[in-house]
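**Q** need a 3D model of the following:
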Amino acid sequence: MSDMALLTVPCPKCGKVYRIYRTNLGRMGICKKCTTRFKMIQREKTPAKKPARQFAPVVRSVPPEKSGSKIQQVIEKMNEISHDINKKIDQESKQPELVEPEKKEDPPQAIQAPIQSIQEKKKIETAPSPVKEKPVEINESPAPLLVSNKNLDILAAQLKVIVTDGMKAYLVEKTKMDSDVNIADLKKFLAREKVIFGLVSDEKIQSFIDKRLNRIKPFLIAKGRTPTEPTHGLIEYFFDTHPIKNIAPALEEDQERINYKERGEMPFVLKGDLIAQRIPGIPGKYGKDVFGKRIEAQKARQASLKCGNGATLSEDKRMAHARIDGMPVLTTGRYERVNILPQYYINGDVNMKTGNIRFQGPVVVKGTVQSGFKIRCASLEAKELFRADARVNGDINIQGGVVGSKVVCMGTFKAKFVKGTTIECENDIIVKNGILDSKIETRTNCIVENNKILTSSIIAFKDIVTNDLGSKSSPGCQLTIGMDPVVIREMERLKNELKLLEEKVDNEKEELDVDSIEELEDECKDINKKIDTLEPTLIEAKKISLNLIHTYKTAKQQKQLQQQKKLLDAIRLFSAKIGPAKQELAKLKNDQKNINTIIQKIQQLRQEIDFTTSEIQRINREIQTTDHEAKVLVKGELFPGTTIRGATASLEIFEKQSNVTIEEIHIYNENNMPERQIEIKSLHKDI
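**A** Numbers count the residues shown, from 1 in each chain. Sure, this is the predicted structure:
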């Protein structure tokens, strides 16, 4: 025999067979399966009795010994029984009738219940159905119990566990892994490597075992759980902490024009309002690494709520309320503090930096309200107004002048001088150094303390007081006393509305070319008469036409050709005669509808005109019957050109006068009828 011939040498412990060259006989070797050192010699081998199996056995390097574990024997027994059951079920599914299976030896009690459930499931799935269907062959076998029977030292020689940062574990194949490794083997191997948390699913582990491609590169076998981030405490403010907005230019050409002066409304709170609250922080949830070690989460930072002037903190220091009415502001520093300011203070001008001012409380402007800017507030103090628009629900106090502005004041108005300005005021208007080229309306008094009134129109429900009124070279003033400016504005509105209604009525008449609504009504009556005459005739003609058609159909059924021709000619002739009459009736009804619509519209306009006229008359009666004392008091000189009006009387000044009072008084005329007139009296006589 040649020295290069191959011989078989078994392992004395596990029985694994190796093929070696004859020259290696007698040398020492290590078994790859059980790692036992043994001398490589030929031994007589008694073949083990293999159980008769009718299914593909599990691939192993050597068959199991007779002295194997009892659990392994139970698993093999269960596989044999389940295979016999599957075979029997497959045979029964091919037969038209069910055949009672032969009695088999009962499996061990530990696995009897799973096998019975499998048998019942198979019988249900293969039971004959009333609907004839192709029987389904069931080749599935029950999933074997996962039991680790692999030597972990062998797995350690074939696999390696790499852990990165304690949060991810990877399996790396060093040498080719045995094919008989199962999920339980890998889990036990990982547990020996202390990787016990965050293992991937069994399906992914099985894919690692089955697919060689998954073992080419490191395979993620476990992933730790990172701790969640905490929710830090914060302060929730119930007001706009940045009320002055930055306006960005429009990016689209079709967007409306942006008003860069509008920056938003300033916040305002009332006493007792909730202005801020503290929300406590929530700590994060702890995590775990792949070794099962706990990773503590970061602690949550807690916010601190502080109050300044005008605000108060609750006992639990979680809520802040307003102690006064005012503007809430947030001051920064070592701690943020919430303050309530009794007024909105602007240390400078109202310009593009501040934008328009919209605030429900008082506003104090250290500088000037510049041209084109608006102020809406409860009260206003400013250095001056220059071409501004101010609407104030309370008093206005201007230290300097008001030039070219529009002012609506629901309280008292005070200023140093007024020029080219329109003022509507609910209470007194007090100006120190004169009014020039302005339009003033007040429901009380208009008082100029130290100077004059020039080229202005003033309406005062009570008195107008000034030093001088008019000048030698300037146009005269127009003064109205004893008249409520609100009533006057309402009267003007009604008169304008009446004028528009009358113009609408005139336009309707011009379109119809009529002088009055009566002409339209007469025309409508004529149309109604024509319709009443024409409608009965057409109704009778329709009846005749239907009779002719009915007779024609009867003749057609009886196939009377000569009679059909005569009736058809008669129907055509009759239709040609009544056709124009139908068109005329339709036109008359359309005209009737249009004229009625126009009449209703004109009548509605007339009703509105009557109502507006009655309102104007009512206001005039109230004005004439009002007995209200009002006067113009001129402490200096009264120049010609000024016109003084009262409720019903008026007087133009033609001569220069000094120190006079002018008022509207009641007198009786030559016919002993009461009337009113403007009377000028010397100021010295009143004293």
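**Q** when you work out contacts or count neighbours from here on, use the C-alpha atoms and nothing else.
**A** Will do.
**Q** can you give me the helices for the chain?
**A** With DSSP state H as the criterion, the chain has helices at 70-94, 109-126, 152-158, 183-192, 202-210, 485-512, 517-557, 561-625, 683-686.
**Q** can I get the ones you listed in TSV with mean pLDDT?
**A** Listed next are those as TSV, based on pLDDT from 0 to 100:
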stretch	mean pLDDT
helix 70-94	49
helix 109-126	43
helix 152-158	88
helix 183-192	91
helix 202-210	91
helix 485-512	85
helix 517-557	81
helix 561-625	82
helix 683-686	57
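**Q** buried deepest among these, which one?
**A** Most buried of these by mean neighbour count (mean count of other Cα atoms under 10 Å) is helix 183-192; its value is a mean of 18.
**Q** other SSEs contacting that helix?
**A** Packed against helix 183-192 by the contact rule (3 or more Cα pairs under 8 Å, 6 or more residues apart in numbering; DSSP states H and E) you find helix 152-158, helix 202-210.
**Q** rewinding a little: which of the helices of the chain sits closest to T8?
**A** Of all the helices of the chain, helix 152-158 sits nearest to T8, with 22.6 Å by Cα to Cα.
**Q** so how far is the closest one from its chain's centroid?
**A** 62 Å (Cα atoms, centre = their mean, to the nearest Å).
**Q** just stretch 635-644 next, same as before
**A** On Cα atoms, centre = their mean, the centre of stretch 635-644 falls 63 Å from that of its chain.
**Q** ends of that stretch, what's the gap?
**A** Distance between the two ends of stretch 635-644: 16 Å, counting by Cα to Cα, to the nearest Å.
**Q** which residues are contacting it?
**A** When contacts are defined by Cα atoms under 8 Å, 6 or more residues apart in numbering, stretch 635-644 is touched by residues 465-472, 475-481, 650-660, 678, 683.
**Q** quick one: which of these sit in strands?
**A** Judged by DSSP state E, strands contain the following of the contacts of stretch 635-644: 465-466, 468-469, 478-481, 650-652, 657-660, 678.
**Q** isn't R645 right up against I481?
**A** Yes - R645 is in contact with I481 according to Cα atoms under 8 Å; the separation is 6.4 Å.
**Q** and the two? which has more neighbours close in?
**A** Taking other Cα atoms under 10 Å, R645 and I481 do not tie; I481 has more neighbours (28 against 22).
**Q** from memory that one sits against S650, does it?
**A** No - taking contacts as Cα under 8 Å, I481 lies outside contact range of S650: 10.1 Å.
**Q** follow-up on the earlier one: could you dump the helices of the chain to CSV with distance to P328?
**A** What follows is those, written out as CSV (distance: least, Cα to Cα, whole Å):
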stretch, distance to P328
helix 70-94, 79
helix 109-126, 74
helix 152-158, 70
helix 183-192, 62
helix 202-210, 60
helix 485-512, 37
helix 517-557, 65
helix 561-625, 47
helix 683-686, 54
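**Q** out of these, which gets nearest to N669?
**A** The stretch from these with the least distance to N669 (Cα to Cα) is helix 561-625; that distance is 16.2 Å.
**Q** and the contacts of stretch 423-435?
**A** By Cα under 8 Å, 6+ apart, the residues outside stretch 423-435 that reach it are 406-419, 438-454, 456.
**Q** try stretch 438-445
**A** Contacts for stretch 438-445 (Cα under 8 Å, 6+ apart): 418-429, 455-465, 484-486.
**Q** switch the cut-off to 7 Å
**A** 419-429, 456-464, 484-485 (Cα atoms under 7 Å, 6 or more residues apart in numbering).
**Q** likewise for stretch 406-414?
**A** So stretch 406-414 is contacted by 388-398, 421-431 (Cα under 7 Å, 6+ apart).
**Q** cutoff 8 Å now
**A** Contacts with stretch 406-414, where a contact means Cα under 8 Å, 6+ apart, come from 387-398, 421-431.
**Q** same check, this time on stretch 314-321
**A** Contact partners of stretch 314-321, identified using Cα under 8 Å, 6+ apart, comprise 271-279, 305, 307, 311-313.
**Q** the contacts of stretch 423-435, buried ones only, as a PyMOL selection?
**A** Entered in PyMOL, the line below selects the buried ones among these, by 16 or more other Cα atoms under 10 Å:
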select buried, resi 406+407+408+409+410+411+412+413+414+415+416+417+418+419+438+439+440+441+442+443+444+445+446+447+448+449+451+452+453+454+456
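**Q** among the contacts of stretch 423-435, which ones are in strands?
**A** Residues of these located in strands (DSSP E): 406-409, 413-415, 417-419, 439-442, 446-448, 452-454.
**Q** residue ranges with poor pLDDT in the stretch 201-350 of the chain?
**A** 245-258 (pLDDT under 70).
**Q** strands of that one, residue ranges please.
**A** For the stretch 201-350 of the chain, the strands defined by DSSP state E, counting those that start in this stretch occupy 219-223, 234-237, 274-279, 287-288, 294-295, 306-307, 311-313, 319-322, 327-331, 337-341, 344-346.
**Q** need those strands in a markdown table (columns: distance to E510 and mean neighbour count).
**A** Formatted as a markdown table, the strands of the stretch 201-350 of the chain follow (distance: least, Cα to Cα, whole Å; neighbours: other Cα atoms under 10 Å):
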| stretch | distance to E510 | mean neighbour count |
| --- | --- | --- |
| strand 219-223 | 91 | 22 |
| strand 234-237 | 65 | 16 |
| strand 274-279 | 65 | 20 |
| strand 287-288 | 90 | 18 |
| strand 294-295 | 93 | 14 |
| strand 306-307 | 74 | 21 |
| strand 311-313 | 70 | 22 |
| strand 319-322 | 67 | 23 |
| strand 327-331 | 61 | 21 |
| strand 337-341 | 65 | 23 |
| strand 344-346 | 59 | 17 |
